[in-house]
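Trainee: Need coordinates for the below:
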Amino acid sequence: MSQMSFWKETLIYAGRVREFDKKDWIVYILWVGLMYGLFAVVGLFIGIGSFNGVEFPVYVYNIPVGVFIFSTAIAFDTIGHRTIYKEFLQRAEALVHHITIFAGITSVLVLCLAYHFPVFLKIPALVLVSLSIIYSLIDEALHWYRYLAQASDRVEMWSHFFILLGHLIMILAWWQWYSEGYVGVSETLALGIF
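Mentor: Numbers count the residues shown, from 1 in each chain. Okay, the predicted model is just below:
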């Protein structure tokens with residue numbers, strides 16, 4: 001297919017937001033808002049620290065970059081999940097999505113708490129980060145199965161590529177930051193802004 005047809009598919013996919021009912025909008029705003037909220041909070045924290053002379057390891061800047069890629073891809077993918085693929089997803093993939101989301105959110109929360117309890121939470125953080133990756137891969141496998149069964153499209157598959165890309169950049173950079181002792185966090189907290 002030509003690039004124009006892919007862009008046309010993309011516009012059609014995005015245009016499906018017009019099919020949202022009230023519940024779809026609530027779910028969409030809460031889910032996408034949560035992800036962009038994570039981007040804003042992490043970006044603000046690192047940005048304020050940097051602006052005030054805190055030196056973070058360079059890889060730390062990958063965290064907001066990864067969250068932004070992840071959030072933007074989710075904002076797009078969720079349109080299809082709430083419309084054209086809604087019924088199909090409710091059969092089996094919804095459970096995998098819920099487990100993946102649970103593992104992803106708890107891995108970030110535990111990584112944050114690990115700043116205060118680094119030794120105690122090392123194993124739970126590693127397990128949850130690993131599970132978030134494993135379940136993301138299971139989710140991708142289900143999407144490829146659905147694509148091969150012609151119950152998905154290229155736009156959704158590309159959005160999932162960027163979901164996985166953003167998630168891996170974010171979570172692996174975050175794990176590295178934690179494993180090196182959260183360099184720059186205490187200095188940023190000492191600014192008294194947070």
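Trainee: C-alpha from now on. contacts and neighbour counts both.
Mentor: OK.
Trainee: Show me which helix or strand of the chain is least confident by mean pLDDT.
Mentor: Across the helices and strands of the chain, mean pLDDT, DSSP states H and E gives its lowest value to helix 86-91, namely a mean of 80.
Trainee: And the helices in the protein, which stretches?
Mentor: Using DSSP state H, the helices of the chain run over residues 3-15, 22-51, 62-82, 86-91, 93-113, 122-148, 154-179, 185-189.
Trainee: same for the longest one, what does it pack against?
Mentor: This points to helix 22-51. helix 62-82, helix 185-189 (3 or more C-alpha pairs under 8 Å, 6 or more residues apart in numbering; DSSP states H and E).
Trainee: Out of these, flag the one nearest Asn52.
Mentor: For these, distance to Asn52 was read as C-alpha to C-alpha. The smallest value, 8.1 Å, belongs to helix 185-189.
Trainee: Surely Ser107 touches Val129?
Mentor: Yes - if you go by C-alpha atoms under 8 Å, Ser107 and Val129 touch, sitting 5.3 Å apart.
Trainee: where does this protein have low pLDDT?
Mentor: 1-4 (pLDDT under 70).
Trainee: Go ahead and flag the most central residue of it.
Mentor: With distances taken as C-alpha atoms, centre = their mean, the residue of the chain nearest its centroid is Phe70 (4.1 Å).
Trainee: Enumerate every residue touching that one.
Mentor: 162-167 (C-alpha atoms under 8 Å, 6 or more residues apart in numbering).
Trainee: Could you rerun that using 10 Å?
Mentor: 35-36, 39, 64, 159-170 (C-alpha atoms under 10 Å, 6 or more residues apart in numbering).
Trainee: Over to Phe117?
Mentor: 110-111.
Trainee: Got phi/psi on it?
Mentor: phi -130, psi 60 (degrees, to the nearest 10).
Trainee: from the middle of its chain, how far away would stretch 39-58 be?
Mentor: 19 Å (C-alpha atoms, centre = their mean, to the nearest Å).
Trainee: what comes up buried for that stretch?
Mentor: 39-40, 42-43, 45-49, 54, 56 (16 or more other C-alpha atoms under 10 Å).
Trainee: farthest-separated two in those?
Mentor: So, the buried residues of stretch 39-58 by C-alpha to C-alpha: farthest apart are Phe39 and Val54, at 19.3 Å.
Trainee: returning to that earlier point: counting contacts, what elements does the least confident helix or strand of the chain pack onto?
Mentor: On a contact count with 3 or more C-alpha pairs under 10 Å, 6 or more residues apart in numbering; DSSP states H and E, helix 86-91 meets helix 62-82, helix 93-113, helix 122-148.
Trainee: still on that earlier bit, overlap in contacts, Ser107 and Val129.
Mentor: Counting by C-alpha under 10 Å, 6+ apart, the residues touching both Ser107 and Val129 are 171, 175.
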